[in-house]
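A.B. asks: Sequence first, predicted coordinates after that:
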Amino acid sequence: MKGKIHFIAIGGSAMHNLAIALNRNGYEVSGSDDEIFEPSRSRLNREGILPDAIGWNADKITEDLEAVILGMHAREDNPELIKAKGLGLKIYSYPEYLYEQSKNKIRVVIGGSHGKTTITSMLLHAMKELNIDVDYMVGAQLEGYDCMVKITDEAKYMILEGDEYLSSPIDRRPKFHLYYPNIALISGIAWDHINVFPTFENYVDQFRQFIDLIEDGGALVFNTEDEEVRGLGENAGSQIRRIPYATPDYSITETGTVVHHEGTAYPLSVFGGHNLQNLMGAMKVAEQMGVSNSDFLHVMQGFTGAGKRLQKVWESDQLLVYKDFAHSPSKLKATTKAVKEQYPDRKLVACMELHTFSSLQHNFIPQYSGAMSTADVAMVYFSPEVVSHKRLPELDPNYVRDEFGGDTNVVTSSELVKAFIREHTNSGDVLLLMSSGNFDGLDYDELAKELEETIKSV
């Protein structure tokens, strides 16, 4: 058995994955939390590291702890944190400890306002298919993985999804500033987390600092089709390699896309310009890890997408339904455009939910102008109760409609969401549901079945 590690706020989506990974690597893991929801509860229980009781318990903090890992959910006055400080124990944020476990590895950090999870999952797919052993941390649950963190003693590489949000209650640095990459990627920059980064310039500066933290002799892979990213990449210091990428030549097929690269055609299941742009970024990163472009593209023919990222929910002759995690203006625009491009002869009904803190801010709504303009029918939903719960000023549906522009419809109850979809979705249509939530409990599979039955009965 290796050392003893204690998690303050073990139930978090990221924290419980790290706890499981360390437990599997031979550490003695304990933890506390004042609430643990599914699926964290069941996963921790299966590993034998679910806390015996809910709540904080300073008695769990003992002098023999090798490390205490502090989650964002905990507050500065947490009794366990106070005792850990008093004992002089090593206290790490989640990203700090990931660095601690990977400081002797080659760290690959995928950053950007959007596309991080997709690019990371593309890399993991390629490494798995090519039998290259890697450690990793991904911010979303991917199909085929029972834990989204892997930490071993043997792997040469550590692939990290580089989130720009804050590290912990006592560490206000962005998470990706703590990884010190050897190979870094920036996919795109679109103002997010406006509660933390009050201006666009301040937000962009976080990525400039990220580039400065790349280890000397390392590499920056950057998207030249994003103006801000291109500027940062081209002005990066000469102590690192600068590797640009852009959307490849491609053609659309009924089953996906064919990418044309260096005289060879590679059929893929994924589609949409932004997905193929992500593919090129992942390919350039893999190249820095010793994988040839041809080998990478060959194994990517079996890649079907990242969890909740443009995921097909339903397919029949009458109806196609997709769901996507899109919530930021840039991702909303890219996803809607990709689906319309793939199905140009079918009516696209696009629905999105304003759910995050940033998206529900009155002064952020104008960023969504034209975000769903490529859809034939567009609807935006937000819950006034969620706005109130987040202690934000009331949102006027007419204001939201005007700022989105076009003929965007705005509704404020989940029942009206269902009614709108039923009214506007007909035989042969494509329904696209975009949210970082779930439209207040909307069951996508049940909705698709109901629509199919309705269409057939007409």
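C.D. replies: Sure thing, it's come through.

A.B. asks: Is G144 located within a strand, as I assumed?
C.D. replies: No. Assessed with DSSP: H, G, I helix; E, B strand; the rest coil, G144 is coil; it does not lie in a strand.

A.B. asks: quick one: it and S121, what's the gap?
C.D. replies: Distance of G144 to S121, computed by C-beta to C-beta, to the nearest Å: 10 Å. Yep, even glycine has a C-beta here, placed from its N, CA and C like the rest.

A.B. asks: okay, these two: which has more neighbours?
C.D. replies: Between G144 and S121, counted using other C-beta atoms under 10 Å, S121 has the larger neighbour count: 27 against 9.

A.B. asks: so who does G55 touch?
C.D. replies: Residues counted as contacts of G55 (C-beta atoms under 8 Å, 6 or more residues apart in numbering) are S32, D34.

A.B. asks: Can you report phi and psi for it?
C.D. replies: Backbone torsions of G55, given as degrees, to the nearest 10, read phi 120, psi 170.

A.B. asks: Residue ranges in the protein under the pLDDT threshold?
C.D. replies: Residue ranges of the chain with pLDDT under 70: 307-308, 458.

A.B. asks: care to break it down by domain?
C.D. replies: Domains of the chain are assigned by automatic domain parsing as 4-89, 96-302, 311-457.

A.B. asks: The last one: how far from the chain's middle?
C.D. replies: The reference is to domain 311-457. 19 Å (C-alpha atoms, centre = their mean, to the nearest Å).

A.B. asks: residue ranges for the strands of the stretch 201-350 of the chain, please.
C.D. replies: For the stretch 201-350 of the chain, strands defined by DSSP state E, counting those that start in this stretch occupy the ranges 219-223, 241-245, 249-253, 256-261, 264-268, 311-315, 319-324, 348-353.

A.B. asks: Return the list of helices and strands in contact with the second one.
C.D. replies: Spelled out, it's strand 241-245. strand 219-223, helix 227-234, helix 273-288 (3 or more C-beta pairs under 8 Å, 6 or more residues apart in numbering; DSSP states H and E).

A.B. asks: Next, format the ones you listed as TSV and append distance to A53 and mean neighbour count.
C.D. replies: As requested, the helices and strands packed on strand 241-245 are exported to TSV (distance: least, C-beta to C-beta, whole Å; neighbours: other C-beta atoms under 10 Å):
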stretch	distance to A53	mean neighbour count
strand 219-223	46	25
helix 227-234	47	17
helix 273-288	43	24
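
A.B. asks: mind listing what L354 touches?
C.D. replies: Contact analysis of L354 by C-beta under 8 Å, 6+ apart lists H327, L360, I365, V380, Y381, F382, L395, V400.

A.B. asks: Distance check, it against F176.
C.D. replies: To F176, L354 is 26 Å away according to C-beta to C-beta.

A.B. asks: can you check D52 too?
C.D. replies: Taking C-beta to C-beta as the criterion, D52 is separated from F176 by 35 Å.

A.B. asks: How about E154?
C.D. replies: For E154, the distance to F176 - C-beta to C-beta - is 25 Å.

A.B. asks: any idea what L22 is structurally, helix, strand or coil?
C.D. replies: Assignment for L22 (three-state DSSP): helix.

A.B. asks: right, and A184 touches F210 too?
C.D. replies: Yes. A184 lies in contact with F210 (C-beta atoms under 8 Å); the separation is 6.9 Å.

A.B. asks: Common neighbours of those two, please.
C.D. replies: V109, G111, G162.

A.B. asks: Nearest spatial neighbour of the second one, chain-adjacent residues omitted?
C.D. replies: Right, the one you point to is G111. Leaving aside its sequence neighbours, G111 sits nearest to G162 (C-beta to C-beta, 6 or more residues apart in numbering; 3.8 Å).

A.B. asks: This completes my enquiry, with thanks.
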